[in-house]
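Chemist: generate coordinates for the sequence data below:
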Amino acid sequence: MLGVGALWYGWHVVKQTAASKGIDIDSITETHHGPVRRVNACDLLSKEELSQMVGMNVERTETQGKSSHSTCAYYSSSAIDKSSDAATDAIKRIQERKDSGDTNADQEKALKDIGSIVRGISGVSANGLVVSVEVETENAKAAMAGFKIAMGLMTGGGGEQAKALREDIKGVGDEAIMGPLASIFMFRKGDVAVTIDGRALTGGRDMQVAIAKRIADKL
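Modeler: Model prediction:
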């Protein structure tokens, strides 16, 4: 749904990345007690709630209904323009710092602007997609473990690169990780793992955390 970017981010890439290092994510299993919980991801965040949070009208959602693996995609006719504006503003900020000779600009601000540009470009090509939410109830701990492994492999063990690729988030569920350039976020609360694909979400890191908290409150 988001073109080339989808080849890098996402659960299938987590497994591919781990496999390239000789790690079989599918071998990570859990022992279930009782029936597996089935949910509809769209029930955890209504389009009205999201509209209020992102400041634009989310007209429709797409889902396949209740399942142990459910997704919900949110669409707005305003998303493309908002993504374009966000990317343009970020480019202007970068250019202004360059013109001013501020070569020691705060790295955090620079990374944030780069993330805004990446999300803006993704948003323009996403056909109105605002954000998508994926919920896993059958193997939540394994899904979270796989994501952690993949993030560890990508960050190469730490340093400045790690800060750009991974951030552990406190106060959301039992555990939560923000992925590369604040474009993907995963958290687990009990037996439910939730992935927020924010590659087209102009609000970036803070918006993903806000959405995650809203969803976690309903689990």
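Chemist: so N127 sits in a strand?
Modeler: No. Secondary structure assignment places N127 outside any strand; it is coil (DSSP: H, G, I helix; E, B strand; the rest coil).
Chemist: burial of it, as a residue count?
Modeler: By the criterion of other Cβ atoms under 10 Å, N127 has 13 neighbours. Just so you know, the C-beta spots here come from the backbone N, C-alpha and C atoms, and that holds for glycine as well.
Chemist: how close does it get to K66?
Modeler: Between N127 and K66 the computed distance is 26 Å (Cβ to Cβ, to the nearest Å).
Chemist: same deal with L181?
Modeler: As defined by Cβ to Cβ, L181 lies at a distance of 32 Å from K66.
Chemist: just E59 next, same as before
Modeler: In this structure, E59 and K66 are separated by 23 Å, where distance is defined by Cβ to Cβ.
Chemist: all helices for this protein, in order.
Modeler: With DSSP state H, the ranges of helices along the chain come out as 11-20, 47-54, 79-99, 107-124, 140-155, 159-165, 204-216.
Chemist: out of these, which gets the lowest mean score?
Modeler: Set side by side, these show their lowest mean pLDDT on helix 159-165, which sits at a mean of 53.
Chemist: how many neighbouring residues does R205 have?
Modeler: For R205, the neighbour count with other Cβ under 10 Å is 19.
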